[in-house]
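**Student:** After the sequence you'll find the predicted model.
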Amino acid sequence: MAISKVLEYAHIDELSLDPENPRIGRAKRKERLGQNELLRVMAAWTLDELVDSFISAGGFWTQDALMVVREKTDIGDVQTVVEGNRRLAALKLMLKAVRGEIDPPRWLKDRLQGTDLDEHNELFTAVPFLVADSRDDIAAYLGFRHVTGIKEWPPAEKAEFITGLIEEHQLSYREVAKQIGSRTDSVRLNYVAFKILLQLEATLDQDEWAEVEDKFSVLFLSLRSQGVREFLGLDLNAPPAGRHDPIPDQKKEDLTRFVNWLFGTKDKKPLVRDSRQVDRFGEMLAEPRAVAYLKDTAEPQFDIAYQLTKGSTDLVIDPLREARRHITLALSGLGDRSEAEDVRTEAWPVIEGGLQLALATKGDNLVNARDLLNAA
């Protein structure tokens with residue numbers, strides 16, 4: 001059957017939130033939260049738009065039917081919603097409010113005020129769902145919807161889902177990319193980044209690890225740099241690591257440094273303060289002089305480290321572009337002002353600087369430029 005094409009209906013109390021939902025985060029999933037705890041976690045999500053939709057539509061759209069697996073658990077047979085937990089959480093929160101079981105948050109109280117909803121409303125008693133034989137049967141749909149599709153999970157959750165397809169379902173990078181509608185290189189990078197996150201779990205305390213997980217996209221972006229990969233001894237062309245750590249033992253000390261520079265510690269702010277600096281950070285790690293500076297300095301500065309890299313030409317290019325913009329602006333307003341003494345006083349240092357720059361960059365026909373300037 002895989003996923004049934006026949007809609008079924010159930011009372012909301014007969015449907016369970018999924019304790020394995022990637023959106024609740026890896027730490028919460030380890031706790032194996034009960035239904036009430038899960039609802040408290042999910043109540044912090046953005047559910048107001050769903051409540052608005054349910055109230056305005058007067059019911060549950062059948063085209064948004066939940067996807068359910070029937071499972072045996074310690075508390076008996078349950079119908080677990082694998083796809084649609086936000087919708088289910090919104091409904092459960094609404095029903096608890098209608099029954100008077102909770103003091104609803106202000107946003108929910110305002111929305112329920114003036115409605116005629118009660119616990120016998122069809123919205124709560126006839127929730128549409130489709131049954132799947134197993135979680136695996138829903139995997140492809142989840143990959144498209146939440147990894148590359150219309151309601152994306154956060155970056156770390158997407159990467160974890162991809163890792164599950166590779167390690168639990170034994171799919172290749174190419175097969176995963178085809179299944180979720182992504183590119184092979186993106187799948188590979190997500191997998192490797194998540195394996196590094198798991199590797200860090202053994203060495204970082206919970207707060208530090210959570211910081212890396214929250215900024216997973218920065219870790220992902222950094223791995224695109226050849227400098228970062230070489231610094232960490234990472235081979236992206238290697239087959240999936242499986243149970244092995246992607247960063248070799250001889251590079252674990254460098255991995256700790258890398259994480260501290262990229263994400264900071266309890267006592268120090270990160271060296272990389274902005275995701276736009278990630279590419280430059282990779283250039284630093286490819287330059288031995290910059291790496292030595294980073295390792296040997298108690299509180300290294302990003303700009304100083306970058307000045308030590310061989311390819312940092314944009315440290316010159318950016319000011320040159322700014323200078324060109326200002327010179328263009330000055331010329332546009334020069335006109336009859338060119339003979340003014342204060343204008344001439346400010347112009348000559350600019351002219352001299354321009355000629356010196358031309359000589360320094362071996363500008364053609366400027367061999368005698370300095371002599372000409374002196375003569376002037």
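**Tutor:** Thanks, I have the structure now. Numbering: from 1, shown residues only.
**Student:** Quick check: which ranges of the stretch 251-376 of the chain have low pLDDT?
**Tutor:** 310-318, 355, 357, 359-376 (pLDDT under 70).
**Student:** Helices of that one, start to end?
**Tutor:** For the stretch 251-376 of the chain, helices defined by DSSP state H, counting those that start in this stretch occupy the ranges 252-263, 278-285, 288-296, 302-307, 314-332, 341-360, 369-375.
**Student:** What of the stretch 101-250 of the chain?
**Tutor:** Residue ranges of the helices in the stretch 101-250 of the chain, as given by DSSP H, counting those that start in this stretch, are 106-112, 122-125, 136-142, 155-167, 173-180, 184-201, 206-214, 216-222, 226-232.
**Student:** Quick check, central residue of this protein?
**Tutor:** What sits nearest the mean C-alpha location of the chain, by CA atoms, centre = their mean, is residue 217, with 3.3 Å.
**Student:** what's that one in contact with, if anything?
**Tutor:** For residue 217, the set of contacting residues under the criterion of CB atoms under 8 Å, 6 or more residues apart in numbering consists of 155, 275. Quick note: C-beta positions are derived from backbone N, CA and C, even for glycine.
**Student:** re earlier: tell me which of the helices of the stretch 101-250 of the chain lies nearest to residue 245.
**Tutor:** Distances from residue 245 to each of the helices of the stretch 101-250 of the chain were compared using CB to CB; the shortest belongs to helix 184-201, at 4.5 Å.
**Student:** Off-centre distance for the closest one?
**Tutor:** Centroid separation between helix 184-201 and its chain, computed with CA atoms, centre = their mean, to the nearest Å, is 13 Å.
**Student:** With stretch 20-38 instead?
**Tutor:** Averaged C-alpha coordinates place stretch 20-38 at 20 Å from its chain's average position (CA atoms, centre = their mean).
**Student:** Mind listing what's buried along it?
**Tutor:** Burial within stretch 20-38, assessed by neighbour count using 16 or more other CB atoms under 10 Å, is assigned to 21, 22, 23, 24, 25, 26, 29, 33, 38.
**Student:** and if you look at stretch 185-200?
**Tutor:** Of the residues in stretch 185-200, those buried under the neighbour-count criterion (16+ other CB under 10 Å) are 186-197, 199-200.
**Student:** Take these and write them to TSV, including pLDDT.
**Tutor:** What follows is the buried residues of stretch 185-200, written out as TSV (pLDDT from 0 to 100):
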residue	pLDDT
186	90
187	91
188	93
189	94
190	93
191	94
192	95
193	94
194	93
195	93
196	93
197	92
199	91
200	90
